[in-house]
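Asker: okay, here's the prediction I keep looking at, along with the sequence it came from:
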Amino acid sequence: MIKQQVSGTVYGVILNDAASLQKIGSLEEAPYKGAPKAPALYIKPAGTRVACGATVHLPGEAKSVEVAATVGLVLGRAAARLTPENALDAVAGLVLAADLSLPHASYYRPAIREKCFDGSLPLTSVKPLVDIAGLTLSTEIDGKVVDTRTLNDLLRSPAQLLADVSEWMTLNAGDVLLVGVRYQAPQAAAGSAVRLSAEGLGSLQFSIGAQA
């Protein structure tokens, strides 16, 4: 098993699954005025990353947090202008991730406050590469399964997503590309224990603490 931890920049992508698009409804009206033509990315800064077993403290007056289960592609080398056929050759392994966000209703403006607070990205250590399309992610809050999702509903497959992103920006060794999160994921409140799991990637446990 690969024992390394994530060392580079973590990039996320929104609206990369059919369920999210169905839930958000039409993007043709204001304020969006059209669906994105390229991957819509955001960054999870270094201060968001915490390991399995961490306690994540909610910021400010927040009472709950969305827990979005996803998987991250960990780059093993610098990658630019990849093709879908060779993109996964640049991937050294995978991480199981909980992309935490304060509840928010709009994707129109970058959700920096909502998505980038300290501890908002619990991650496992890097695991060997497995078939992502066949993965089912399970989310448990306080011992109860509240969500399951399969990654075969991604609009851009991991290889296609990596190729599309690397077409216009270089990803470096140690960087992570999250393959996508569900819009309006299940919420956990302060005091909750959370566990994510996926066959082949093990599990990720953490707890939600009161405001720091």
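Answerer: Thanks, I have the structure now.

Asker: what part of this structure, helix or strand, is modelled with the least confidence?
Answerer: None of the helices or strands of the chain scores lower by mean pLDDT, DSSP states H and E than helix 18-24, at a mean of 77.

Asker: what's the next secondary structure element after that helix?
Answerer: Once the chain leaves helix 18-24, the next helix or strand it forms, by DSSP states H and E, is strand 40-44.

Asker: sheet partners, orientation included, of that following strand?
Answerer: Looking at strand 40-44 with DSSP bridges, its partner strands are strand 10-14 (antiparallel).

Asker: mind checking how far the strand it pairs with is from the chain centre?
Answerer: Offset of strand 10-14 from its chain centre (C-alpha atoms, centre = their mean, to the nearest Å): 6 Å.

Asker: what do you get for stretch 39-55?
Answerer: Computed by C-alpha atoms, centre = their mean, the chain-centroid distance of stretch 39-55 equals 8 Å.

Asker: now stretch 153-170
Answerer: Remark: stretch 153-170 is offset 14 Å from the chain centroid, using C-alpha atoms, centre = their mean.

Asker: buried ones in it?
Answerer: 154, 156-166 (16 or more other C-beta atoms under 10 Å). (Each C-beta comes from the backbone N, C-alpha and C, glycine too.)

Asker: and of the residues you listed, the nearest to residue 93?
Answerer: residue 158 (12.5 Å; C-beta to C-beta).

Asker: these two touch, right, the closest one and residue 131?
Answerer: No - Residue 158 is beyond contact range of residue 131, at 9.8 Å (criterion: C-beta atoms under 8 Å).
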